[in-house]
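Q: structure here, sequence nowhere to be found:
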Ligand SMILES: Nc1nc2c(ncn2[C@@H]2O[C@H](COP(=O)(O)OP(=O)(O)OP(=O)(O)O)[C@@H](O)[C@H]2O)c(=O)[nH]1
C-alpha cells in the first residue's frame, strides 16, 4: 500500500463518470494513462445514542451541495457491511441497497464492500465523501481494514479515518462496568477478568479512533467532562479530542472529514504520546517506543520485529506472556540515508510508506525514531519496558 500522492487535492473522483466539476475536467485533461483521485471514507462509530445520527445530519446540512454517501452498517460485523445506502446531494436523498457480490466479503481480491461502493459510483457518478455509520456495538478494528485497501489494487476509495462518538454522560460507566454485549472477552482471558482490566466495546471504539468526539457536553459539568477527557486520553493518546453539544463540531475538516489518518503521520501527532504516560485506564493504553536513526539492515530488522509483535503476538527475546493486543500502530522512522518512513497499522495489518516530508525537518538526534502502540495490557511499566528492551535488542541498540 502506498501513500496517496494527491496530498492536498480536494476529494473528487476522476474515474467513473465524473460530476461536471471544472477542476475535475482540468485534471482529466492532464490525465496520462489512468490517474485516479480517490474518495475518502470515514468510519463513524459510537455507542447507541451517542449522537452519530445527529452528527451525520449535521454533516449533510453543513456540506449542502456535496454528494455524500451514508452507509449504515447495522450488524456491525465484517460479513455484513449493511446494504442500506443514502446518497445526498442538493437535499435529494436516495436510498438503495449495496450490492455485495455473492454476499461474501472474501470472495474477491478487493473487498466486496469496496467493490459495491465502486460499482455504485459507476452508476451514479462519484461521491465527494463516504460516511460509514457503524452499529453501537461495532468493533472498528474489524471494519477499518476492509477499507484500508492496498494501493496496488487500484481502489477508487481510501480510508480517511475513524471517528468515535462518545456520550460524555455515560461513557465512564460503560468503560468501568460494561454489561451484556458491551463486554469484550479477549482470547487470552476466557473465564476470568484479569484484575479489573475488562475491556468494553467503548474501549475498542476509543482505541481505534483517530478523532474522539465527546458529545452531550450539555449533560455534564466541566469537572465531569475533564474526567472523561482524561480517561479517553489515557486510552488513546494519539486521537484528536473534541467536545460537542449535539455533535456540532466547530469545523468538519480535520475533525470528521479530510483526516488523512491512514496516509500521514506527522511528528506533532506523535508528540501527543509524549505528554504523559497515564495509567488511568486499567485495560487499554498508549505506549511510545524510541530509537535512533535506522540503517537499511535495521529497517529490515524492525520489519521482522513488527511482524512478530503484530502477526504472532510474540515479543522477541523477552519472556512475556502475550496477554497484550495491539489495536493501532503509528510511527515515524527516520533513516540514516536522510529518508523518512511512516508506519501505519490497525490490528495485525501494518505498512511502512515513504514520507513526503524529509527527515532533516525534524532533527531529534539520538531518539529520532518513534513508534506508538495503542492496545490492551501494554501500558504498565513492566510491559512497556519489555517492549523497548525487545526492540533495542532486535535493532542491536545498547539500552544501558
Ligand atoms: N442532551 C443532548 N442530547 C443529544 C445530544 N446529541 C444527541 N442527543 C440526543 O440523543 C439522542 C440520540 O442521538 P442520535 O444522534 O440518534 O444517536 P445515535 O448514536 O445515532 O444513536 P443510535 O442510532 O440509536 O445508535 C437523540 O434524541 C438526540 O437528539 C447532546 O449533545 N445533548
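A: That came through fine. None of these values were measured; they are calculated from a predicted model.
Q: how about the residue in the stretch 301-400 of the chain that the ligand sits nearest to, secondary structure?
A: In the stretch 301-400 of the chain, the residue that lies nearest the ligand is residue 327 (21.4 Å; CB to the nearest ligand atom). Any C-beta I mention is one placed from the backbone N, CA and C, and that applies to glycine too. Under DSSP: H, G, I helix; E, B strand; the rest coil, residue 327 falls in the strand class.
Q: what's the separation between the nearest residue to it once chain neighbours are set aside and the ligand?
A: Excluding its sequence neighbours, the residue lying closest to residue 327 (CB to CB, 6 or more residues apart in numbering) is residue 207, at 4.4 Å. According to CB to the nearest ligand atom, to the nearest Å, residue 207 stands 19 Å off from the ligand.
Q: so who does the residue of the stretch 301-400 of the chain closest to the ligand touch?
A: By CB atoms under 8 Å, 6 or more residues apart in numbering, the residues touching residue 327 are 141, 204, 207, 208, 284, 346, 347, 374, 375, 376.
Q: please apply the same query to residue 213.
A: For residue 213, the contact set (CB under 8 Å, 6+ apart) comprises 46, 51, 55, 163-166, 242-244, 247, 249, 255.
Q: which of those lies closest to the ligand?
A: Closest approach between those and the ligand, by CB to the nearest ligand atom: residue 51, at 3.8 Å.
Q: what's near enough to touch residue 45?
A: 52, 134, 138, 140, 162, 163, 164, 165, 205, 208, 209.
Q: pretty sure it is in a strand, no?
A: Yes - under three-state DSSP, residue 45 sits within a strand.
Q: find the nearest non-adjacent residue to residue 47, please.
A: Sequence neighbours aside, residue 136 is the residue nearest to residue 47 in space, at 4.7 Å (criterion: CB to CB, 6+ apart).
Q: pull the number of nearby residues for the one you found.
A: Residue 136 has 18 neighbouring residues, counting by other CB atoms under 10 Å.
Q: and it, how far from residue 338?
A: Distance, residue 136 to residue 338, using CB to CB, to the nearest Å: 47 Å.
Q: repeat for residue 117
A: In terms of CB to CB, residue 117 sits 39 Å off from residue 338.
Q: one more: residue 139?
A: From residue 139 to residue 338 the distance is 40 Å (CB to CB).
Q: what about the two, which has more around it?
A: residue 139 (20 against 10).
Q: which residue, other than its chain neighbours, is closest to the more buried one?
A: residue 204 (4.9 Å).
Q: could you point out which element follows the strand or helix carrying that neighbour?
A: Counting by DSSP states H and E, the element that carries residue 204 is helix 201-207. In the C-terminal direction, the helix or strand that comes right after helix 201-207 (DSSP H and E) is strand 211-215.
Q: now that following strand, how far from the chain's geometric center?
A: Strand 211-215 sits 14 Å away from the centroid of its parent chain (CA atoms, centre = their mean, to the nearest Å).
Q: and the following helix or strand past it, what does it pack onto?
A: Beyond strand 211-215 in the direction of the C-terminus, DSSP H and E gives the next helix or strand as helix 222-235. Secondary-structure packing of helix 222-235 (3 or more CB pairs under 8 Å, 6 or more residues apart in numbering; DSSP states H and E): helix 171-176, helix 201-207, strand 211-215, strand 240-243, strand 284-291.
Q: make JSON lines out of these and add mean pLDDT.
A: Compiled in JSON lines, the helices and strands packed on helix 222-235 are given as follows (pLDDT from 0 to 100):
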{"stretch": "helix 171-176", "mean pLDDT": "93"}
{"stretch": "helix 201-207", "mean pLDDT": "94"}
{"stretch": "strand 211-215", "mean pLDDT": "98"}
{"stretch": "strand 240-243", "mean pLDDT": "97"}
{"stretch": "strand 284-291", "mean pLDDT": "91"}
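Q: out of those, which one sits most buried?
A: Among those, the stretch with the highest mean neighbour count (mean count of other CB atoms under 10 Å) is helix 201-207, at a mean of 27.
Q: now do that one: everything it contacts.
A: By CB under 8 Å, 6+ apart, helix 201-207 touches 45-47, 136-141, 164, 166, 171, 174-175, 178, 181-182, 184, 212, 232, 235-236, 239, 281, 283-284, 327-328, 374-376.
Q: next up, phi/psi of the residue nearest to residue 220 when sequence neighbours are not counted, please.
A: Nearest residue to residue 220, sequence neighbours excluded (CB to CB, 6+ apart): residue 168, at 4.9 Å. Dihedral angles of residue 168 (phi, psi; degrees, to the nearest 10) stand at phi -60, psi -30.
Q: contacting residues for residue 168?
A: If a contact means CB under 8 Å, 6+ apart, then residue 168 has 214, 215, 216, 217, 219, 220, 224, 225, 228, 243 as its contacts.
Q: of the residues you listed, buried ones?
A: Neighbour-count burial (16 or more other CB atoms under 10 Å) applied to those gives 214, 215, 216, 217, 220, 225, 228, 243.
Q: ok, so of those, who is nearest residue 38?
A: residue 215 (29.0 Å; CB to CB).
Q: how close does the spatially closest residue to that closest one that is not a sequence neighbour sit to residue 199?
A: Among residues not flanking residue 215 along the chain, residue 51 sits closest, at 4.0 Å (CB to CB, 6+ apart). According to CB to CB, residue 51 stands 23 Å off from residue 199.
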